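J.: Sequence and predicted model, in that order:
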Amino acid sequence: MDSNKIKKGLGRGLSSLIGETKVETQKNQLPVSDLIPNKYQPRKIFDEDNLKDLTNSIKERGILQPIIVRKSNDDKSKFEIIAGERRWLAAQRASLHKVPVVVTEADDLKSLEFAIVENVQRHDLNPLEEAQGYKRLIDDFSYDHEKVSKFIGKSRSHITNSLRLLLLPIEVIKLIESQKLSAGHAKILVGLENASFVANKIVEKKLSVRQAESFVKIFKTKKSKRTNSNDANIKDLENSISNKIGINVSIQNKKNNKGKISFEYKSLDQLNKIIEIIKSNY
């Protein structure tokens, strides 16, 4: 995909993405049972109340906006949803037998782009789902932060800060997924050594984001007393590498400029990723 197409992404919406693909206009209705979820759908949690409201709306007025689909690569008799999975779920609840669709030709990258654009435009993704969608563009389709930024239509710093949420411990991530912690809470926990402990205290004491910031400053102040001016550059380097590869990095540099660099992996996949990075560069 060239840079001109990337720039069209969020600014011109789904219509620009549809315009870049071949559409089979002759098929405008498909049985509900012929549709399957998008394997690249970044959205994992569907709000139950919103789904009920949409179901009631569909019962009254039908589906006003067609569901965008592509032919499934795994099951030739099925069509994979690219955008509109919530409408499809609500249609099933409303007992519809057929739904309006737009059938388009789209590869895996285009399918992921469709799903991310639709959800980001409608603010349907929680912070983790948004970050995971961006990470998939980076890991599976070789996007970098700048390329994601241009395509989504958000600043590079937003993309970078969003991805940093994925560096949080799994215990903290689960608190975000269960909505016990907000995105505002999560952002101030990134890079904190005892993030899990602080996160649980925030939940336990029901602290607002502002109160949590004051609480976190206690730990950051203590840590800053143990650092010197040279440590700021080391910290920037750690953050830069961590943001690039998605894995926590620690650099210990002595006065004689000797030291060590360590990578903290939390799964076999992350270990394999570190090994592949090293192998591909040396």
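T.: Looks like it arrived, so ask away. Numbering: from 1, shown residues only.
J.: and stretch 243-256, what's its mean pLDDT?
T.: Averaging pLDDT along stretch 243-256 yields 78.
J.: Run through who's touching it.
T.: 135, 138-139, 145, 160, 163-164, 166-167, 230, 234, 237-238, 241-242, 259-265, 270, 273-274, 277 (Cβ atoms under 8 Å, 6 or more residues apart in numbering). Heads up, the C-betas are built off the backbone N, CA and C, glycines and all.
J.: Counting only helices, which of those make the cut?
T.: Counting by DSSP state H, the contacts of stretch 243-256 place 135, 138-139, 145, 160, 163-164, 230, 234, 237-238, 241-242, 270, 273-274, 277 in helices.
J.: coming back round to it: list only buried entries from the contacts of stretch 243-256.
T.: Buried subset of the contacts of stretch 243-256 (neighbour count, 16 or more other Cβ atoms under 10 Å): 135, 138, 145, 160, 163-164, 166-167, 234, 238, 241-242, 263, 270, 273.
J.: what about the strands in the chain?
T.: All strands of the chain, identified by DSSP state E, fall at 23-24, 29-31, 35-36, 67-71, 79-83, 98-104, 248-253, 259-264.
J.: For the residue nearest to Asn38 when sequence neighbours are not counted, grab the count of nearby residues.
T.: In space, and not counting its chain neighbours, Asn38 is closest to Ile81: 4.9 Å by Cβ to Cβ, 6 or more residues apart in numbering. Ile81: 27 surrounding residues under other Cβ atoms under 10 Å.
J.: what's the pLDDT at Ile81?
T.: Reported pLDDT for Ile81: 89.
J.: do Ile36 as well
T.: For Ile36, pLDDT reads 90.
J.: hang on, the earlier thing: ranking the strands of the chain by burial, who's on top?
T.: Most buried of the strands of the chain, by mean neighbour count (mean count of other Cβ atoms under 10 Å): strand 79-83, with a mean of 25.
J.: quick one: contacts of that strand?
T.: In contact with strand 79-83 (Cβ under 8 Å, 6+ apart) are residues 14, 30, 34-39, 41, 67-73, 88, 101, 103-104, 106, 110-111, 114-115, 117-118.
J.: okay, that strand in CSV with CA atoms only?
T.: Taking Å, rounded to 0.1, in the frame of the first residue of the first chain, the C-alpha atoms of strand 79-83 are listed here in CSV:
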residue,chain,number,x,y,z
PHE,A,79,-18.5,-14.6,4.1
GLU,A,80,-16.3,-13.0,6.7
ILE,A,81,-17.4,-9.7,8.3
ILE,A,82,-15.0,-6.9,7.8
ALA,A,83,-17.1,-4.1,9.4
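J.: what about it, distance to the chain center?
T.: Remark: strand 79-83 is offset 19 Å from the chain centroid, using Cα atoms, centre = their mean, to the nearest Å.
J.: partners of it in the sheet?
T.: strand 35-36 (parallel), strand 67-71 (antiparallel) (DSSP bridges).
J.: any idea how far Ile173 is from His97?
T.: Distance from His97 to Ile173, counting by Cβ to Cβ, to the nearest Å: 39 Å.
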